[in-house]
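K.L.:
my questions concern the predicted model and sequence given below.
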Amino acid sequence: MKLKKITLLFGRICSGKSSYKPKEYRIVVSNIVKGIISKSTREELQNTIHLDEKIGEALVMVIDRVAEDVESVIVDGIRQVSIVKMILQHYPDAELIWLEVPVEERKRRYESRKDIKDVEPFDIADNKPIELLCQDIFTIFKEELKVINNYMELLKKANGNIPRTEEEKARMIEQAAEYYGQFLTALGFDWKADPHSDRTPHRVAKAWVKDLIAGSMAEEPEVTAFPNDEQYTGLICQTRIPVMSLCAHHNLTFSGVAHVAYIPGKEKDDLVIGLSKLNRIVDFYSRRPNIQESLTKQIHDHIARLCVGNRGVAVVVESQHNCVRCRGIKQDSVMKTSQMSGYFWTNEVGTRQEFFNLIDQSRY
Ligand SMILES: [Zn+2]
């Protein structure tokens, strides 16, 4: 579903209006204290759910409900701006967001303004006052909206990549630290009181952005490909390339090594790449939340794309997953995955065996 218009309404607008009938996809948001919206009013609102859970859960539910075509949602205790931010993250295509504030707040804001007469709590069926107010509030929130509208695009897949600027990364660290603090609080830690933990949210956020998921936001590594002018026809192999990744299911690290090989094409203009570039490619895909199967394929496909004319690419990843070691079954085991194409796949003249022998020889 593509939302063209999301309307956010606050406060009394949604109280005591028995004639209220949502006509379009609409999120009705109340940031006034819980209880102002009467029970009977709530019951009158068809397809309305009332949320007073913690912010994170509530936001997720708002989004879920919108996706399910529920016509209205009431949320208590959340800042309008947080809602707008969240909606824009999920619906970057939203063309218009209307904001309304509780009547008292509205009065306070408009007191000094002569061009706008106070408007009574209005009937939602009457478009005029809504339009007037929304236009004006849009102006009031302009600065905030400007910031929010520039809010970063979100990755649809955990192992995706969107290059971010240093400024964006700094903002991510700041915001992620704030949420991680809430995460610790939710787990019952007064982390601010402990000198070993009071900077932990910041450290965690920084470790994610700078190291653990750096590949999610880095530019693709620059890899120069050279023509195979000597018409080398053998196997090119790099073994034991370190892999440090993050399991997308549990967000716990998994680490090990990758072995990669390819056979270049035999024509002069077929391409070969520098060996260390194979390491860079492995690192680029490892440093993001992933599952090992996809990681193996991503590495394979990238090499296959760069080495134009290649006659086969092989990637083997061996790693130990902390989600297996530390939780659940709690055992040490090694997961091996392989992705092969061309000669490696067909095992032409024992190519696959040759690759496996090279891997075996590289073991310490
Ligand atoms: Zn896992």
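P.N.:
Great, that's in hand. Numbering: from 1, shown residues only.
K.L.:
who's in contact with residue 247?
P.N.:
Applying Cβ atoms under 8 Å, 6 or more residues apart in numbering, we find residue 247 in contact with 253, 254, 289, 290, 291, 321, 322, 323. (C-beta placed from N, C-alpha, C; glycine too.)
K.L.:
oh, that last question was meant for residue 223, not what I typed.
P.N.:
Contacts of residue 223 (Cβ under 8 Å, 6+ apart): 273, 274, 277, 280, 281, 306.
K.L.:
picking that back up, among the contacts of residue 247, which ones lie close to the ion?
P.N.:
Contacts with the ion are made by residue 323 out of these, judged by Cβ under 5 Å from the ion.
K.L.:
from the contacts of residue 247, which land in strands?
P.N.:
253, 254, 289, 290, 321 (DSSP state E).
K.L.:
give me the neighbour count for the last one.
P.N.:
Looking back up the chat, that one is residue 321. Residues within reach of residue 321, counting by other Cβ atoms under 10 Å, total 24.
K.L.:
name the nearest residue to whichever residue of the stretch 251-364 of the chain sits closest to the ion, sequence neighbours excluded.
P.N.:
Per Cβ to the ion, residue 323 is where the stretch 251-364 of the chain lies closest to the ion, at 3.0 Å. Among residues not flanking residue 323 along the chain, residue 250 sits closest, at 3.9 Å (Cβ to Cβ, 6 or more residues apart in numbering).
K.L.:
most neighbours of all the contacts of residue 223, which one?
P.N.:
Busiest of the contacts of residue 223 [other Cβ under 10 Å] is residue 281, holding 25 neighbours.
K.L.:
which ones are touching that one?
P.N.:
221, 223, 260, 299, 302, 303, 306.
K.L.:
show the pLDDT at the second one.
P.N.:
In other words, residue 223. Looking at residue 223, its pLDDT reads 86.
K.L.:
what lines up beside the one helix or strand residue 336 maps to in the sheet?
P.N.:
According to DSSP states H and E, residue 336 maps onto strand 335-340. When pairing is defined by DSSP bridges, strand 335-340 lines up against strand 312-321 (antiparallel).
K.L.:
what stretches of the chain score poorly on pLDDT?
P.N.:
1-152, 364 (pLDDT under 70).
K.L.:
how about the residues of it by the ion?
P.N.:
247, 249, 250, 323.
K.L.:
show me how to select, in PyMOL, the buried members of the residues you listed.
P.N.:
PyMOL command restricting these to the buried ones, with burial defined by 16 or more other Cβ atoms under 10 Å:
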select buried, resi 247+250+323
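K.L.:
as a markdown table, the residues of the chain next to the ion with distance to residue 310 would be great.
P.N.:
Converted to a markdown table, these look like this (distance: Cβ to Cβ, whole Å):
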| residue | distance to residue 310 |
| --- | --- |
| 247 | 30 |
| 249 | 32 |
| 250 | 35 |
| 323 | 34 |
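K.L.:
report the two of the residues of the chain next to the ion separated the most.
P.N.:
249 and 323 (6.7 Å; Cβ to Cβ).
K.L.:
how far away is residue 212 from residue 247?
P.N.:
11 Å (Cβ to Cβ, to the nearest Å).
K.L.:
nope, residue 257 is what I was after
P.N.:
Taking Cβ to Cβ, one finds residue 257 at 17 Å from residue 247.
K.L.:
now do the strands in the chain.
P.N.:
For the chain, the strands defined by DSSP E occupy 5-9, 27-28, 48-51, 72-75, 96-98, 225-227, 236-247, 253-263, 271-273, 289-290, 312-321, 335-340.
K.L.:
sorry, back to before: list residues touching both of residue 212 and residue 247?
P.N.:
With Cβ under 8 Å, 6+ apart, residue 212 and residue 247 have common neighbours residue 253.
K.L.:
that's all I had, so thanks and see you.
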